[in-house]
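K.L.:
requesting a structural model of the entry that follows:
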Amino acid sequence: MMRVRMCVRAVAPCMLALLMVVTQASARQDPAPQSIPTMDLSLSEALQLSLQNNLDIKVAQVTPMVRTQDTLVQEAFFDPNAGGSIFLADNTFPTTNVFDVSLASPGTLVSIEQDINDFTAGFSDRLRYGAEYSAGIDFRRVNTTSANALFTPSYSTSLVLAYSQSLLRGLGREVNETDIVISRTNEQISRSELRESALNSLKATEDAYWELVFARDDLAVKQESARLAEELLKLNRIKVQVGTLPPIEITTAEAEVAARDQNVIVAENAVRDAEDILRRSINMPKADNAWSREIIPSDKPDYVERTLNVEQDIQTAMEKRPDMQQVRLEIQNADSRMRFEQNQRKWDLGFNARYIVSGLGGDIVLTDPNGVVLFQQNQDFGDSLDVLTDVDFDSWEVGLNLNVPLGNNAADARFVGRRLEKEQSEIRYENARLLAEVDVRTAARAIQTNKKRIDAADKNVELQKKKVEAEQKKFENGMSTSFQVLDFQEDLTNALGARYRALVDYRKSLTAHELARGTLDDYLRVQVQ
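P.N.:
Residues are numbered from 1 along each chain as shown. From the prediction side, this is the model:
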(Lines give C-alpha, C1' and ligand atoms only; values in the text may rest on other atoms or scores of the structure.)
Protein backbone atom coordinates (compact mmCIF):
# COMPACT_ATOMS: atom_id res chain seq x y z
CA MET A 1 0.00 0.00 0.00
CA MET A 2 2.86 2.37 0.72
CA ARG A 3 4.13 1.78 -2.83
CA VAL A 4 0.75 2.71 -4.28
CA ARG A 5 0.62 5.96 -2.27
CA MET A 6 4.10 6.83 -3.49
CA CYS A 7 3.02 6.22 -7.10
CA VAL A 8 -0.10 8.30 -6.57
CA ARG A 9 1.99 11.15 -5.21
CA ALA A 10 4.42 10.72 -8.12
CA VAL A 11 1.72 11.58 -10.64
CA ALA A 12 1.52 15.14 -9.34
CA PRO A 13 4.86 16.22 -10.81
CA CYS A 14 3.84 14.53 -14.06
CA MET A 15 0.67 16.59 -14.27
CA LEU A 16 2.37 19.79 -13.23
CA ALA A 17 4.98 19.28 -15.91
CA LEU A 18 2.31 20.19 -18.44
CA LEU A 19 1.76 23.47 -16.62
CA MET A 20 5.41 24.39 -17.12
CA VAL A 21 4.79 24.33 -20.88
CA VAL A 22 2.86 27.59 -20.44
CA THR A 23 6.05 29.53 -19.83
CA GLN A 24 8.70 27.20 -21.27
CA ALA A 25 7.38 25.82 -24.57
CA SER A 26 7.50 29.17 -26.35
CA ALA A 27 10.99 29.94 -24.98
CA ARG A 28 12.69 26.72 -26.06
CA GLN A 29 12.69 24.29 -28.93
CA ASP A 30 12.97 20.56 -28.51
CA PRO A 31 16.32 19.38 -29.78
CA ALA A 32 16.02 18.02 -33.29
CA PRO A 33 16.83 14.39 -33.93
CA GLN A 34 20.54 13.88 -34.41
CA SER A 35 19.93 12.42 -37.86
CA ILE A 36 18.39 15.68 -39.15
CA PRO A 37 20.72 18.68 -39.58
CA THR A 38 19.35 22.01 -38.38
CA MET A 39 19.76 25.68 -39.21
CA ASP A 40 18.92 28.70 -37.06
CA LEU A 41 17.01 31.44 -38.84
CA SER A 42 16.00 34.84 -37.48
CA LEU A 43 13.10 36.87 -38.81
CA SER A 44 15.39 39.58 -40.17
CA GLU A 45 17.46 36.98 -42.00
CA ALA A 46 14.34 35.48 -43.54
CA LEU A 47 13.17 38.91 -44.71
CA GLN A 48 16.54 39.72 -46.29
CA LEU A 49 16.57 36.36 -48.05
CA SER A 50 13.08 37.07 -49.33
CA LEU A 51 14.18 40.41 -50.81
CA GLN A 52 17.25 38.83 -52.39
CA ASN A 53 15.85 35.54 -53.66
CA ASN A 54 12.07 35.72 -53.97
CA LEU A 55 11.16 34.91 -57.57
CA ASP A 56 8.11 37.21 -57.65
CA ILE A 57 10.35 40.13 -56.68
CA LYS A 58 12.95 39.14 -59.27
CA VAL A 59 10.28 39.14 -61.98
CA ALA A 60 8.98 42.53 -60.86
CA GLN A 61 12.51 44.00 -60.80
CA VAL A 62 12.84 43.58 -64.57
CA THR A 63 9.83 45.74 -65.48
CA PRO A 64 11.28 49.11 -64.30
CA MET A 65 14.41 48.45 -66.34
CA VAL A 66 12.27 47.76 -69.40
CA ARG A 67 10.27 50.96 -68.77
CA THR A 68 13.51 52.94 -68.49
CA GLN A 69 14.52 51.75 -71.95
CA ASP A 70 11.05 52.67 -73.26
CA THR A 71 11.58 56.20 -71.93
CA LEU A 72 14.94 56.43 -73.68
CA VAL A 73 13.29 55.32 -76.91
CA GLN A 74 10.70 58.10 -76.62
CA GLU A 75 13.33 60.72 -75.79
CA ALA A 76 15.40 59.60 -78.78
CA PHE A 77 12.66 61.01 -81.04
CA PHE A 78 14.20 64.43 -80.38
CA ASP A 79 17.80 63.35 -80.94
CA PRO A 80 19.54 65.27 -83.76
CA ASN A 81 20.46 63.43 -86.94
CA ALA A 82 23.47 63.82 -89.19
CA GLY A 83 24.07 62.04 -92.44
CA GLY A 84 25.41 62.16 -95.93
CA SER A 85 25.23 60.48 -99.30
CA ILE A 86 27.39 59.76 -102.32
CA PHE A 87 25.90 59.57 -105.80
CA LEU A 88 27.86 58.50 -108.89
CA ALA A 89 26.46 58.29 -112.42
CA ASP A 90 27.79 57.69 -115.93
CA ASN A 91 25.15 58.53 -118.56
CA THR A 92 25.10 58.34 -122.35
CA PHE A 93 22.03 59.69 -124.14
CA PRO A 94 21.08 61.21 -127.52
CA THR A 95 20.49 64.92 -127.75
CA THR A 96 18.63 67.33 -130.02
CA ASN A 97 20.41 70.36 -128.69
CA VAL A 98 21.15 72.65 -131.62
CA PHE A 99 24.70 73.34 -130.52
CA ASP A 100 25.55 69.66 -130.27
CA VAL A 101 23.79 68.69 -133.50
CA SER A 102 25.49 71.43 -135.49
CA LEU A 103 28.84 69.76 -134.96
CA ALA A 104 27.73 66.48 -136.54
CA SER A 105 26.77 65.39 -140.04
CA PRO A 106 23.16 66.11 -141.00
CA GLY A 107 20.77 63.32 -139.98
CA THR A 108 23.22 61.78 -137.51
CA LEU A 109 22.19 61.21 -133.89
CA VAL A 110 24.55 62.85 -131.49
CA SER A 111 25.30 61.13 -128.14
CA ILE A 112 26.22 63.03 -125.04
CA GLU A 113 28.28 61.49 -122.28
CA GLN A 114 27.88 62.76 -118.78
CA ASP A 115 29.68 61.83 -115.55
CA ILE A 116 28.14 62.97 -112.26
CA ASN A 117 29.73 62.84 -108.82
CA ASP A 118 27.53 64.14 -106.04
CA PHE A 119 28.36 64.39 -102.31
CA THR A 120 25.88 65.65 -99.70
CA ALA A 121 26.03 66.12 -95.92
CA GLY A 122 23.25 67.28 -93.65
CA PHE A 123 22.05 67.83 -90.10
CA SER A 124 18.48 67.93 -88.75
CA ASP A 125 16.89 68.28 -85.35
CA ARG A 126 13.44 68.32 -83.80
CA LEU A 127 12.60 70.84 -81.10
CA ARG A 128 10.26 69.97 -78.28
CA TYR A 129 7.86 72.83 -78.89
CA GLY A 130 6.95 71.51 -82.34
CA ALA A 131 9.62 72.86 -84.70
CA GLU A 132 12.10 71.13 -86.97
CA TYR A 133 15.18 72.61 -88.62
CA SER A 134 17.85 71.27 -90.94
CA ALA A 135 21.02 72.30 -92.72
CA GLY A 136 22.53 70.60 -95.74
CA ILE A 137 25.41 71.19 -98.11
CA ASP A 138 25.85 69.65 -101.55
CA PHE A 139 28.95 69.23 -103.70
CA ARG A 140 28.33 68.26 -107.33
CA ARG A 141 30.79 67.66 -110.16
CA VAL A 142 29.46 67.20 -113.70
CA ASN A 143 31.64 66.41 -116.71
CA THR A 144 29.86 66.35 -120.06
CA THR A 145 30.67 66.26 -123.77
CA SER A 146 27.81 68.60 -124.55
CA ALA A 147 28.83 71.72 -126.43
CA ASN A 148 26.04 73.50 -124.62
CA ALA A 149 27.87 73.30 -121.29
CA LEU A 150 29.75 76.41 -120.24
CA PHE A 151 31.91 74.58 -117.70
CA THR A 152 33.45 71.23 -118.43
CA PRO A 153 33.68 69.91 -115.82
CA SER A 154 31.46 72.07 -113.62
CA TYR A 155 31.67 72.31 -109.83
CA SER A 156 28.52 73.41 -108.04
CA THR A 157 27.89 73.84 -104.31
CA SER A 158 24.75 74.72 -102.40
CA LEU A 159 23.80 75.33 -98.79
CA VAL A 160 20.18 74.86 -97.76
CA LEU A 161 18.76 75.96 -94.38
CA ALA A 162 15.18 74.91 -93.61
CA TYR A 163 12.82 75.54 -90.71
CA SER A 164 9.24 74.34 -90.11
CA GLN A 165 6.93 75.09 -87.22
CA SER A 166 3.48 73.93 -86.15
CA LEU A 167 1.41 76.94 -85.20
CA LEU A 168 -1.83 75.27 -84.05
CA ARG A 169 -1.93 71.47 -83.92
CA GLY A 170 1.25 70.11 -82.34
CA LEU A 171 2.42 73.41 -80.88
CA GLY A 172 4.07 73.40 -77.42
CA ARG A 173 6.23 71.15 -75.26
CA GLU A 174 3.26 69.57 -73.51
CA VAL A 175 1.79 68.00 -76.62
CA ASN A 176 5.14 67.03 -78.16
CA GLU A 177 6.44 65.41 -74.96
CA THR A 178 3.26 63.44 -74.28
CA ASP A 179 4.82 60.05 -75.08
CA ILE A 180 7.87 60.87 -72.96
CA VAL A 181 5.74 61.95 -70.00
CA ILE A 182 3.59 58.81 -70.28
CA SER A 183 6.67 56.60 -70.52
CA ARG A 184 8.22 58.21 -67.45
CA THR A 185 4.96 57.78 -65.57
CA ASN A 186 4.83 54.13 -66.61
CA GLU A 187 8.33 53.77 -65.21
CA GLN A 188 7.13 55.18 -61.88
CA ILE A 189 4.16 52.81 -61.97
CA SER A 190 6.43 49.82 -62.52
CA ARG A 191 8.62 50.86 -59.58
CA SER A 192 5.53 51.19 -57.43
CA GLU A 193 4.44 47.73 -58.60
CA LEU A 194 7.88 46.41 -57.65
CA ARG A 195 7.50 47.91 -54.19
CA GLU A 196 4.01 46.41 -53.89
CA SER A 197 5.32 42.98 -54.89
CA ALA A 198 8.15 43.30 -52.38
CA LEU A 199 5.81 44.34 -49.56
CA ASN A 200 3.46 41.45 -50.28
CA SER A 201 6.40 39.05 -50.36
CA LEU A 202 7.71 40.41 -47.07
CA LYS A 203 4.26 40.00 -45.53
CA ALA A 204 4.04 36.43 -46.82
CA THR A 205 7.54 35.66 -45.50
CA GLU A 206 6.82 37.04 -42.04
CA ASP A 207 3.50 35.18 -41.91
CA ALA A 208 5.28 31.96 -42.94
CA TYR A 209 7.92 32.55 -40.27
CA TRP A 210 5.37 33.02 -37.49
CA GLU A 211 3.37 30.03 -38.71
CA LEU A 212 6.49 27.92 -38.39
CA VAL A 213 7.03 29.29 -34.87
CA PHE A 214 3.44 28.37 -33.99
CA ALA A 215 3.76 24.91 -35.55
CA ARG A 216 6.88 24.17 -33.49
CA ASP A 217 5.33 25.52 -30.26
CA ASP A 218 2.16 23.55 -30.95
CA LEU A 219 4.25 20.43 -31.53
CA ALA A 220 6.09 21.00 -28.24
CA VAL A 221 2.80 21.25 -26.35
CA LYS A 222 1.41 18.10 -27.99
CA GLN A 223 4.62 16.18 -27.31
CA GLU A 224 4.48 17.16 -23.65
CA SER A 225 0.81 16.22 -23.52
CA ALA A 226 1.59 12.81 -25.04
CA ARG A 227 4.38 12.27 -22.52
CA LEU A 228 2.04 13.05 -19.61
CA ALA A 229 -0.52 10.61 -20.98
CA GLU A 230 2.19 7.94 -21.08
CA GLU A 231 3.09 8.68 -17.46
CA LEU A 232 -0.56 8.40 -16.43
CA LEU A 233 -0.86 5.12 -18.33
CA LYS A 234 2.12 3.72 -16.41
CA LEU A 235 0.60 4.85 -13.14
CA ASN A 236 -2.77 3.31 -13.97
CA ARG A 237 -1.16 -0.01 -14.76
CA ILE A 238 0.48 -0.03 -11.35
CA LYS A 239 -2.81 0.86 -9.64
CA VAL A 240 -4.66 -1.85 -11.55
CA GLN A 241 -2.05 -4.37 -10.53
CA VAL A 242 -2.51 -3.53 -6.87
CA GLY A 243 -6.29 -3.48 -7.26
CA THR A 244 -6.99 0.21 -6.61
CA LEU A 245 -8.29 0.85 -10.13
CA PRO A 246 -10.47 -1.20 -12.45
CA PRO A 247 -8.82 -2.49 -15.70
CA ILE A 248 -10.95 -0.10 -17.78
CA GLU A 249 -8.75 2.76 -16.58
CA ILE A 250 -5.84 1.23 -18.50
CA THR A 251 -7.93 1.10 -21.65
CA THR A 252 -8.97 4.72 -21.16
CA ALA A 253 -5.37 5.83 -20.70
CA GLU A 254 -4.17 3.75 -23.67
CA ALA A 255 -6.83 5.28 -25.92
CA GLU A 256 -5.78 8.76 -24.85
CA VAL A 257 -2.11 7.94 -25.45
CA ALA A 258 -2.97 6.76 -28.98
CA ALA A 259 -5.01 9.92 -29.63
CA ARG A 260 -2.23 12.19 -28.38
CA ASP A 261 0.38 10.29 -30.40
CA GLN A 262 -1.80 10.93 -33.43
CA ASN A 263 -1.87 14.64 -32.56
CA VAL A 264 1.93 14.62 -32.38
CA ILE A 265 2.18 13.03 -35.83
CA VAL A 266 -0.16 15.64 -37.30
CA ALA A 267 1.77 18.43 -35.56
CA GLU A 268 5.09 17.11 -36.88
CA ASN A 269 3.71 17.13 -40.40
CA ALA A 270 2.45 20.69 -39.86
CA VAL A 271 6.00 21.74 -38.92
CA ARG A 272 7.37 20.21 -42.12
CA ASP A 273 4.67 21.94 -44.18
CA ALA A 274 5.38 25.27 -42.50
CA GLU A 275 9.10 24.86 -43.21
CA ASP A 276 8.44 24.27 -46.90
CA ILE A 277 6.16 27.31 -47.13
CA LEU A 278 8.90 29.44 -45.57
CA ARG A 279 11.54 27.94 -47.88
CA ARG A 280 9.36 28.74 -50.88
CA SER A 281 8.80 32.30 -49.70
CA ILE A 282 12.52 33.03 -49.35
CA ASN A 283 13.46 30.80 -52.32
CA MET A 284 16.00 29.01 -50.20
CA PRO A 285 18.90 27.80 -52.37
CA LYS A 286 19.41 24.09 -52.81
CA ALA A 287 23.09 24.32 -51.84
CA ASP A 288 24.29 22.63 -48.64
CA ASN A 289 21.10 20.53 -48.50
CA ALA A 290 19.21 23.58 -47.22
CA TRP A 291 15.85 22.00 -48.08
CA SER A 292 16.57 18.94 -45.96
CA ARG A 293 17.74 20.89 -42.90
CA GLU A 294 15.30 21.56 -40.10
CA ILE A 295 14.65 25.29 -39.62
CA ILE A 296 14.90 26.55 -36.04
CA PRO A 297 13.30 30.01 -35.73
CA SER A 298 15.27 32.17 -33.30
CA ASP A 299 12.62 34.89 -32.84
CA LYS A 300 9.46 34.60 -30.77
CA PRO A 301 6.10 36.33 -31.23
CA ASP A 302 6.39 38.47 -28.13
CA TYR A 303 3.59 40.89 -27.39
CA VAL A 304 4.27 44.42 -28.67
CA GLU A 305 1.96 47.20 -27.58
CA ARG A 306 0.45 49.16 -30.47
CA THR A 307 -1.34 52.51 -30.22
CA LEU A 308 -3.84 53.01 -33.04
CA ASN A 309 -5.08 56.19 -34.70
CA VAL A 310 -7.32 54.92 -37.47
CA GLU A 311 -8.04 58.25 -39.16
CA GLN A 312 -4.37 59.17 -39.28
CA ASP A 313 -3.52 55.67 -40.52
CA ILE A 314 -6.03 56.11 -43.36
CA GLN A 315 -4.34 59.35 -44.41
CA THR A 316 -0.97 57.60 -44.32
CA ALA A 317 -2.37 54.82 -46.49
CA MET A 318 -3.62 57.37 -49.05
CA GLU A 319 -0.08 58.71 -49.39
CA LYS A 320 2.11 55.62 -49.13
CA ARG A 321 0.19 52.59 -50.36
CA PRO A 322 1.63 51.42 -53.71
CA ASP A 323 -1.80 50.78 -55.21
CA MET A 324 -2.88 54.33 -54.39
CA GLN A 325 0.28 55.68 -55.98
CA GLN A 326 -0.36 53.60 -59.08
CA VAL A 327 -3.93 54.80 -59.65
CA ARG A 328 -2.82 58.41 -59.16
CA LEU A 329 -0.14 57.91 -61.81
CA GLU A 330 -2.67 56.24 -64.10
CA ILE A 331 -4.87 59.34 -63.81
CA GLN A 332 -1.87 61.46 -64.82
CA ASN A 333 -1.35 59.27 -67.89
CA ALA A 334 -5.02 59.47 -68.81
CA ASP A 335 -4.93 63.24 -68.43
CA SER A 336 -1.84 63.48 -70.68
CA ARG A 337 -3.53 61.40 -73.37
CA MET A 338 -6.70 63.47 -73.15
CA ARG A 339 -4.76 66.75 -73.52
CA PHE A 340 -2.90 65.38 -76.51
CA GLU A 341 -6.09 64.34 -78.27
CA GLN A 342 -7.63 67.71 -77.42
CA ASN A 343 -4.74 69.39 -79.24
CA GLN A 344 -5.20 67.10 -82.22
CA ARG A 345 -8.70 68.51 -82.75
CA LYS A 346 -7.23 71.86 -83.82
CA TRP A 347 -6.62 72.94 -87.40
CA ASP A 348 -3.23 72.10 -88.84
CA LEU A 349 -1.35 75.33 -89.65
CA GLY A 350 2.30 74.98 -90.52
CA PHE A 351 4.99 77.59 -91.19
CA ASN A 352 7.85 76.69 -93.54
CA ALA A 353 10.96 78.65 -94.48
CA ARG A 354 14.04 77.93 -96.56
CA TYR A 355 17.21 79.84 -97.33
CA ILE A 356 19.51 78.71 -100.16
CA VAL A 357 22.99 79.87 -101.09
CA SER A 358 24.64 78.60 -104.31
CA GLY A 359 28.13 78.56 -105.76
CA LEU A 360 29.39 77.53 -109.19
CA GLY A 361 32.74 77.07 -110.95
CA GLY A 362 34.46 74.98 -113.58
CA ASP A 363 36.85 74.74 -116.50
CA ILE A 364 36.29 76.99 -119.56
CA VAL A 365 38.22 76.69 -122.88
CA LEU A 366 37.27 78.96 -125.82
CA THR A 367 38.89 78.42 -129.25
CA ASP A 368 38.56 79.98 -132.72
CA PRO A 369 37.57 77.98 -135.78
CA ASN A 370 41.19 77.08 -136.28
CA GLY A 371 41.47 75.60 -132.80
CA VAL A 372 43.47 78.40 -131.36
CA VAL A 373 42.71 78.88 -127.63
CA LEU A 374 41.25 82.29 -127.09
CA PHE A 375 40.38 81.95 -123.35
CA GLN A 376 41.04 79.33 -120.72
CA GLN A 377 39.98 79.14 -117.07
CA ASN A 378 40.57 76.22 -114.71
CA GLN A 379 38.58 76.01 -111.46
CA ASP A 380 37.67 73.40 -108.84
CA PHE A 381 35.45 73.00 -105.74
CA GLY A 382 37.48 75.60 -103.89
CA ASP A 383 36.46 78.27 -106.39
CA SER A 384 32.85 77.15 -106.12
CA LEU A 385 33.01 77.44 -102.33
CA ASP A 386 34.44 80.96 -102.65
CA VAL A 387 31.39 81.94 -104.65
CA LEU A 388 29.18 80.25 -102.04
CA THR A 389 30.74 82.08 -99.12
CA ASP A 390 30.48 85.40 -100.92
CA VAL A 391 26.69 84.90 -100.80
CA ASP A 392 26.28 86.45 -104.23
CA PHE A 393 23.64 83.96 -105.23
CA ASP A 394 21.06 83.39 -102.47
CA SER A 395 17.33 82.96 -102.27
CA TRP A 396 14.68 82.48 -99.61
CA GLU A 397 11.12 81.28 -99.41
CA VAL A 398 8.45 81.18 -96.72
CA GLY A 399 4.99 79.69 -96.67
CA LEU A 400 1.98 78.75 -94.62
CA ASN A 401 0.12 75.47 -95.00
CA LEU A 402 -3.40 75.18 -93.63
CA ASN A 403 -5.25 71.89 -93.33
CA VAL A 404 -8.84 72.01 -92.08
CA PRO A 405 -10.40 68.57 -91.48
CA LEU A 406 -14.09 68.71 -92.29
CA GLY A 407 -16.12 67.19 -89.50
CA ASN A 408 -13.00 66.03 -87.64
CA ASN A 409 -14.95 63.02 -86.38
CA ALA A 410 -11.92 60.81 -85.83
CA ALA A 411 -10.12 63.38 -83.65
CA ASP A 412 -13.33 64.09 -81.71
CA ALA A 413 -13.90 60.37 -81.10
CA ARG A 414 -10.33 59.87 -79.87
CA PHE A 415 -10.68 62.82 -77.51
CA VAL A 416 -13.96 61.51 -76.07
CA GLY A 417 -12.36 58.07 -75.64
CA ARG A 418 -9.43 59.52 -73.70
CA ARG A 419 -11.77 61.61 -71.56
CA LEU A 420 -13.78 58.51 -70.69
CA GLU A 421 -10.56 56.67 -69.82
CA LYS A 422 -9.66 59.48 -67.43
CA GLU A 423 -13.08 59.26 -65.80
CA GLN A 424 -12.58 55.50 -65.53
CA SER A 425 -9.21 56.04 -63.83
CA GLU A 426 -10.80 58.44 -61.36
CA ILE A 427 -13.41 55.80 -60.52
CA ARG A 428 -10.64 53.26 -59.98
CA TYR A 429 -8.94 55.74 -57.66
CA GLU A 430 -12.12 56.09 -55.61
CA ASN A 431 -12.45 52.30 -55.47
CA ALA A 432 -8.81 51.96 -54.36
CA ARG A 433 -9.36 54.66 -51.73
CA LEU A 434 -12.34 52.78 -50.29
CA LEU A 435 -10.40 49.50 -50.34
CA ALA A 436 -7.46 51.11 -48.54
CA GLU A 437 -9.74 52.55 -45.87
CA VAL A 438 -11.44 49.19 -45.34
CA ASP A 439 -8.05 47.45 -45.17
CA VAL A 440 -6.80 49.88 -42.52
CA ARG A 441 -9.96 49.59 -40.43
CA THR A 442 -10.00 45.80 -40.75
CA ALA A 443 -6.33 45.55 -39.76
CA ALA A 444 -6.85 47.86 -36.79
CA ARG A 445 -9.79 45.78 -35.58
CA ALA A 446 -7.73 42.60 -36.00
CA ILE A 447 -5.03 44.06 -33.74
CA GLN A 448 -7.60 44.94 -31.09
CA THR A 449 -9.32 41.56 -31.44
CA ASN A 450 -6.11 39.57 -31.20
CA LYS A 451 -5.01 41.62 -28.17
CA LYS A 452 -8.26 40.67 -26.46
CA ARG A 453 -7.71 37.06 -27.53
CA ILE A 454 -4.30 37.09 -25.86
CA ASP A 455 -5.78 38.48 -22.63
CA ALA A 456 -8.58 35.94 -22.72
CA ALA A 457 -6.15 33.10 -23.55
CA ASP A 458 -3.88 34.06 -20.65
CA LYS A 459 -6.84 33.99 -18.31
CA ASN A 460 -8.04 30.69 -19.76
CA VAL A 461 -4.59 29.11 -19.31
CA GLU A 462 -4.51 30.17 -15.65
CA LEU A 463 -7.99 28.75 -15.08
CA GLN A 464 -7.13 25.50 -16.86
CA LYS A 465 -4.03 25.20 -14.68
CA LYS A 466 -6.18 25.47 -11.58
CA LYS A 467 -8.63 22.91 -12.98
CA VAL A 468 -5.82 20.42 -13.61
CA GLU A 469 -4.36 21.01 -10.14
CA ALA A 470 -7.77 20.56 -8.49
CA GLU A 471 -8.60 17.46 -10.53
CA GLN A 472 -5.18 16.06 -9.73
CA LYS A 473 -5.81 16.40 -6.02
CA LYS A 474 -9.17 14.70 -6.42
CA PHE A 475 -7.51 11.89 -8.35
CA GLU A 476 -4.93 11.46 -5.62
CA ASN A 477 -7.73 11.15 -3.07
CA GLY A 478 -9.64 8.66 -5.20
CA MET A 479 -12.41 11.12 -6.00
CA SER A 480 -11.72 11.35 -9.74
CA THR A 481 -10.85 9.13 -12.66
CA SER A 482 -7.99 9.11 -15.12
CA PHE A 483 -10.50 9.99 -17.84
CA GLN A 484 -11.34 13.24 -16.08
CA VAL A 485 -7.67 14.04 -15.48
CA LEU A 486 -6.86 13.36 -19.12
CA ASP A 487 -9.82 15.45 -20.21
CA PHE A 488 -8.64 18.41 -18.11
CA GLN A 489 -5.12 17.92 -19.44
CA GLU A 490 -6.53 18.16 -22.97
CA ASP A 491 -8.36 21.35 -22.04
CA LEU A 492 -5.10 22.86 -20.82
CA THR A 493 -3.33 21.72 -24.00
CA ASN A 494 -6.00 23.41 -26.12
CA ALA A 495 -5.76 26.56 -24.00
CA LEU A 496 -2.01 26.67 -24.53
CA GLY A 497 -2.46 26.17 -28.28
CA ALA A 498 -5.05 28.94 -28.37
CA ARG A 499 -2.66 31.28 -26.56
CA TYR A 500 0.13 30.59 -29.02
CA ARG A 501 -2.32 31.00 -31.88
CA ALA A 502 -3.45 34.37 -30.51
CA LEU A 503 0.15 35.58 -30.12
CA VAL A 504 1.06 34.59 -33.67
CA ASP A 505 -2.13 36.11 -35.06
CA TYR A 506 -1.41 39.31 -33.17
CA ARG A 507 2.06 39.63 -34.70
CA LYS A 508 0.61 38.85 -38.12
CA SER A 509 -2.08 41.49 -37.63
CA LEU A 510 0.63 44.07 -36.82
CA THR A 511 2.27 43.27 -40.14
CA ALA A 512 -1.07 43.37 -41.94
CA HIS A 513 -1.73 46.80 -40.42
CA GLU A 514 1.60 48.13 -41.70
CA LEU A 515 0.89 46.65 -45.11
CA ALA A 516 -2.52 48.32 -45.16
CA ARG A 517 -0.87 51.65 -44.30
CA GLY A 518 1.81 51.18 -46.97
CA THR A 519 4.61 51.43 -44.39
CA LEU A 520 5.64 47.79 -44.05
CA ASP A 521 9.14 48.43 -45.40
CA ASP A 522 9.70 51.16 -42.80
CA TYR A 523 8.27 48.93 -40.07
CA LEU A 524 10.56 46.04 -41.00
CA ARG A 525 13.50 48.43 -41.57
CA VAL A 526 14.22 47.11 -45.03
CA GLN A 527 14.88 49.00 -48.24
CA VAL A 528 13.03 48.01 -51.38
CA GLN A 529 14.88 48.86 -54.61
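K.L.:
stretch 302-319 spans what distance, first to last residue?
P.N.:
Stretch 302-319 has its terminal residues 30 Å apart, counting by Cα to Cα, to the nearest Å.
K.L.:
show me how far stretch 452-464 is from its chain's centre.
P.N.:
43 Å (Cα atoms, centre = their mean, to the nearest Å).
K.L.:
can you give me the buried ones in it?
P.N.:
Under the neighbour-count criterion of 16 or more other Cβ atoms under 10 Å, stretch 452-464 has Arg453, Ile454, Ala457, Asp458, Asn460, Val461, Gln464 buried. C-beta here means a position set from N, CA and C on the backbone, and glycine is covered the same way.
K.L.:
let's have these in a markdown table, adding distance to Phe393 and secondary structure.
P.N.:
Formatted as a markdown table, the buried residues of stretch 452-464 follow (distance: Cβ to Cβ, whole Å; DSSP: H, G, I helix; E, B strand; the rest coil):
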| residue | distance to Phe393 | secondary structure |
| --- | --- | --- |
| Arg453 | 96 | helix |
| Ile454 | 96 | helix |
| Ala457 | 100 | helix |
| Asp458 | 102 | helix |
| Asn460 | 105 | helix |
| Val461 | 105 | helix |
| Gln464 | 110 | helix |
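K.L.:
nearest to Leu434 among those residues?
P.N.:
Nearest to Leu434 among those is Arg453, at 27.9 Å by Cβ to Cβ.
K.L.:
what's next to stretch 78-88, contact-wise?
P.N.:
116-128 (Cβ atoms under 8 Å, 6 or more residues apart in numbering).
K.L.:
buried among those residues? Need that as a selection in ChimeraX.
P.N.:
Selecting only the buried entries of these in ChimeraX, with 16+ other Cβ under 10 Å as the criterion:
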select :117,119,120,122,126
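K.L.:
what ranges does the stretch 1-150 of the chain have for its strands?
P.N.:
38-41, 81-95, 110-126, 131-144 (DSSP state E, counting those that start in this stretch).
K.L.:
hey, which of those strands is tucked in deepest?
P.N.:
strand 131-144 (a mean of 17; mean count of other Cβ atoms under 10 Å).
K.L.:
elements contacting that one?
P.N.:
strand 110-126, strand 154-166, helix 381-389 (3 or more Cβ pairs under 8 Å, 6 or more residues apart in numbering; DSSP states H and E).
K.L.:
now render those as TSV, adding distance to Ile427 and mean pLDDT.
P.N.:
Below are the helices and strands packed on strand 131-144 laid out as TSV (distance: least, Cβ to Cβ, whole Å; pLDDT from 0 to 100):
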stretch	distance to Ile427	mean pLDDT
strand 110-126	37	89
strand 154-166	34	93
helix 381-389	64	84
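K.L.:
kindly indicate whether the nearest residue to Ala198 once chain neighbours are set aside is helix, strand or coil.
P.N.:
Using Cβ to Cβ, 6 or more residues apart in numbering and skipping residues adjacent in sequence, the residue nearest Ala198 is Val528, 4.3 Å away. Three-state assignment for Val528 (DSSP: H, G, I helix; E, B strand; the rest coil): coil.
K.L.:
okay, and Leu402 sits in which element?
P.N.:
For Leu402, the host element (DSSP states H and E) is strand 394-403.
K.L.:
per-residue pLDDT of Leu492, please?
P.N.:
pLDDT, Leu492: 87.
K.L.:
you'd agree it is up against Val461?
P.N.:
Yes - Leu492 lies in contact with Val461 (Cβ atoms under 8 Å); the separation is 7.3 Å.
K.L.:
residues in contact with the strand holding Leu402: which ones?
P.N.:
Trp347, Asp348, Leu349, Gly350, Phe351, Asn352, Ala353, Arg354, Tyr355, Ile356, Val357, Ser358.
K.L.:
drop anything exposed from those residues.
P.N.:
For the contacts of strand 394-403, buried by 16+ other Cβ under 10 Å: Leu349, Gly350, Val357, Ser358.
K.L.:
of the residues you listed, which belong to strands?
P.N.:
Among the buried ones among the contacts of strand 394-403, the members falling in strands (DSSP state E) are Leu349, Gly350, Val357, Ser358.
K.L.:
tally of neighbours for the closest residue to the second one other than its chain neighbours?
P.N.:
Nearest non-adjacent residue to Gly350, counting by Cβ to Cβ, 6+ apart: Asn401, 4.4 Å away. As a burial measure, the neighbour count of Asn401 was computed by other Cβ atoms under 10 Å and equals 11.
K.L.:
so which of the helices and strands packed on strand 131-144 gets nearest Lys203?
P.N.:
So among the helices and strands packed on strand 131-144, strand 110-126 is nearest, using Cβ to Cβ, at 47.0 Å.
K.L.:
other SSEs contacting the closest one?
P.N.:
Strand 110-126 packs on strand 81-95, helix 98-101, strand 131-144, going by 3+ Cβ pairs under 8 Å, 6+ apart.
K.L.:
now the stretch 401-529 of the chain, which segments are flagged as low pLDDT?
P.N.:
Within the stretch 401-529 of the chain, the stretches with pLDDT under 70 are 529.
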